[in-house]
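Participant: sequence? don't have it. structure:
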């Protein structure tokens, strides 16, 4: 048992912060107590809360972990040019060993910055799952397939299977529900513009049969959104709905160009829009209509996207960006108030992952997915409002401890589950020559 | 003498980064050597450059240092409402002792995040100057006067002087050029909407006679810009030009709503536009036309604004915001390339302060105003481009050493010139009761 003593706590985005409170983590990795008086217990460890604060572990609801290797590679061009000329050719050279090292680096970055759960979409996803398993984070993982890799008539296994579809099946069978659902597998469609109706229907059916969620890129860029309308006479959300993609809970990454009708569709199906503020700005995609989505009843979560378009996995930066950019884009300071931005990175993210009854807020009986902040820095004083300081002044580097299910993954400069030096060595000496020759 | 050995260096925004280079700081506080081989010298200290990088000390060209006490106070409303209902009433309670402690806190934050020089506009500015003197940073300081404090017919001293005009004179006489111009005094006009032609002409004449620069808020909000046109039939830049404000080099903070003609005026007079990306987003002011200004030949520098509207003094955040927000606002990924964003925070800032021959880049003979970054963190690896990592992935907390004229102000968690605990104590026990209680 670990007892946090006399500590400030944000239990959830919409509840008043506690001060001088106690939080007890039980041996089962769940939160056993939160309150203003010391609980009757004999903890193995007592952590002083002086100039510290606890917040729910952050949920990064859209990223591509292994893309750490592309941090800063091919800067300053438009999304599709960047993908086609820089990223895709380099990705073709990746193998599982590259992905393993790059994922380890990403996990280290995530836990260092207070993220406890991620939703990942990439290739060699069974390898990502192995690293997540070892790294101790929670994750919803998917291998998105495309029309290029899996043409019409494909099957998940057997004669008509492809390398990709076999990976999807392997991922699901080996990893879905692993470690009491610390790892969950989602179905994945890369996007409308990289797939076809036969694929949407097949992937949606796969998800429905197995009762799993689905992850898809949706209306990230204006051109992608408009070309879809040109192709089908419908928006990406409309055409995907028609083919059953929203029959399971879907996480739709980006939603920058979605329409009011799209938002009705997402809301009606309980889908989540995953807002990626920094990536959307850096790639010049635009400003997602997050307020309109929220008002339409859509769950809006938050993600970093791959670090190649960010260039880090710092959810604090996303929270602040989400809280300020829409104010300027709409000349309205009332938009995306601090609690809403914080909710996107916590409770809404948990909901996006189907984990809203286990994490996203700090409550008795919930998993002890906890991020501790060190407030002892000039930029975090004074503290007129803890939530305001967390949203507008804190950064990932203020995290001093990150815990998932009561297990410490990062504390005070130490990575408890990832060998960062080994990851760097592997990237330097194996991945670099493999990718760039 | 201090020798940095085998270290990566960004000497300036537009020069290729050096690797495994040597930089020698002379006993005169100037850079004595930069090169690829070890200089012949007997340094007092050798600093290993393994996984470290040097960049020019950052210049924060617009802030209100003492406003640290308002961090997170009165969030989420429109600029003028926030000023009138929250900030101005609280500011009325401030005294020199409050300002002293709050400035110390701000200096600690600045040097911790790699800022070596600031341009400050506030009240009790002679007290700010004292703290800057002790804190060791460079600063251009001004006390901006308004029509409320100094009505028509005011004089700088004597019978028709006011508390404010006497402060302006005291500041200039006591501090301008102090410590070989480490501290410089600028003239100050708060803004068009808080002053009148008699004041513009008088302040401009004051600056002209003394051969000093001038600092002014310009077209920060749409309403302020449009109301000026309503009042004078001219934009703020036009009407201020007419009354001689641009006859001296002026730093114009914000410039969010300036027009192409305004940019011609600024360029023709060698004025600087100080872009405050985070503050402009948080206060819903809008997106400044930085590319248009740059193309018109205007020097564009970068500032945090007061932390009350930011909420920190982290110039790395401003650099990144400047590099990404305009891409999204204009759906054009080619805007504000990384070197331009970095230049705004370094060489352009130095130019804004009239210091372009002493700092803003690392060069032999220049002051050793140097920021060292610790690259040994997962979020700064790999390093396809040092500049890209500095602009898009680094944050203030990656700074491990900040030096002004060869004097170390911050290193590895230690504040060499500011007593942060004393500042906190003073704010808690003196400023808080004085302002709110």
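Facilitator: Ah, there it is. All values reported here derive from a predicted model rather than from experimental measurement. Numbering: from 1, shown residues only, chains lettered A, B, ... in the order given.
Participant: buried ones in stretch A:214-223?
Facilitator: Neighbour-count burial for stretch A:214-223, counted by 16 or more other C-beta atoms under 10 Å in any protein chain shown, picks out A:214-221. (Each C-beta comes from the backbone N, C-alpha and C, glycine too.)
Participant: the nearest residue to residue A:113 once chain neighbours are set aside: neighbouring residues, count only.
Facilitator: Leaving aside its chain neighbours, residue A:113 sits nearest to residue A:396 (2.9 Å; criterion: C-beta to C-beta, 6 or more residues apart in numbering or on different chains). Here the count is done by other C-beta atoms under 10 Å in any protein chain shown, and residue A:396 has 24 residues near it.
Participant: got the contact list for residue A:358?
Facilitator: The contact partners of residue A:358, by C-beta atoms under 8 Å, 6 or more residues apart in numbering or on different chains, come to A:350, A:366-367, A:369.
Participant: ranking those residues by neighbours, who comes first?
Facilitator: Greatest neighbour count in the contacts of residue A:358, by other C-beta under 10 Å, goes to residue A:369: 31 neighbours.
Participant: re earlier: what's near enough to touch the residue nearest to residue A:113?
Facilitator: With contacts defined as C-beta under 8 Å, 6+ apart, residue A:396 is in contact with A:112-114, A:312-317, B:379, B:395.
Participant: got those as TSV, with neighbour count and secondary structure columns?
Facilitator: Supplementary listing: those in TSV, determined by neighbours: other C-beta atoms under 10 Å in any protein chain shown; DSSP: H, G, I helix; E, B strand; the rest coil:
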residue	neighbour count	secondary structure
A:112	24	helix
A:113	28	coil
A:114	29	coil
A:312	26	coil
A:313	32	coil
A:314	28	coil
A:315	30	helix
A:316	25	helix
A:317	22	helix
B:379	27	helix
B:395	25	coil
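Participant: out of the residues you listed, the closest to residue A:44 would be?
Facilitator: Taking C-beta to C-beta as the measure, residue A:44 lies nearest residue A:114 of these, at 22.9 Å.
Participant: wouldn't residue A:114 be in contact with residue A:317 here?
Facilitator: No. The pair residue A:114 / residue A:317 is not scored as a contact, 11.4 Å apart, by C-beta atoms under 8 Å.
Participant: how many neighbours does residue A:152 have?
Facilitator: Residues lying near residue A:152 (other C-beta under 10 Å) number 11.
Participant: in what helix or strand does it lie?
Facilitator: Secondary structure here is read from DSSP states H and E; on that basis residue A:152 sits in neither a helix nor a strand.
Participant: so what's residue A:153 up against?
Facilitator: Each residue near residue A:153 by C-beta under 8 Å, 6+ apart is listed here: A:160, A:198.
Participant: do that again at 7 Å, thanks
Facilitator: residue A:160 (C-beta atoms under 7 Å, 6 or more residues apart in numbering or on different chains).
Participant: find me the pLDDT at it, would you?
Facilitator: You'll see residue A:153 listed with a pLDDT of 93.
Participant: check the one 10 residues further on too.
Facilitator: What the model reports for residue A:163 is a pLDDT of 93.
Participant: any idea how far it lies from residue A:150?
Facilitator: Using C-beta to C-beta, to the nearest Å, one gets 9 Å for the distance from residue A:163 to residue A:150.
Participant: cool, and residue A:306?
Facilitator: As defined by C-beta to C-beta, residue A:306 lies at a distance of 22 Å from residue A:150.
Participant: next one: residue A:347
Facilitator: Using C-beta to C-beta, residue A:347 is found at 35 Å from residue A:150.
Participant: and if you look at residue A:269?
Facilitator: Taking C-beta to C-beta as the measure, residue A:269 and residue A:150 are separated by 24 Å.
Participant: which of the buried residues of stretch A:214-223 sits closest to chain B?
Facilitator: When the buried residues of stretch A:214-223 are compared for distance to chain B (C-beta to the nearest C-beta), residue A:221 comes out closest, at 8.8 Å.
Participant: number of residues surrounding residue A:254?
Facilitator: With other C-beta under 10 Å as criterion, residue A:254 counts 28.
Participant: residue A:18 bridge partners, please.
Facilitator: Under the criterion DSSP bridges, residue A:18 forms beta bridges with residue A:9.
Participant: for it, which residues are in contact?
Facilitator: Residue A:18 makes contacts with A:8-9, A:11, as judged by C-beta under 7 Å, 6+ apart.
Participant: from the residues you listed, which would you call buried?
Facilitator: For those, a burial check counting by 16+ other C-beta under 10 Å picks out A:8-9, A:11.
Participant: let's have those residues in JSON lines, adding pLDDT.
Facilitator: Conversion of the buried ones among the contacts of residue A:18 to JSON lines gives the following (pLDDT from 0 to 100):
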{"residue": "A:8", "pLDDT": "98"}
{"residue": "A:9", "pLDDT": "98"}
{"residue": "A:11", "pLDDT": "98"}
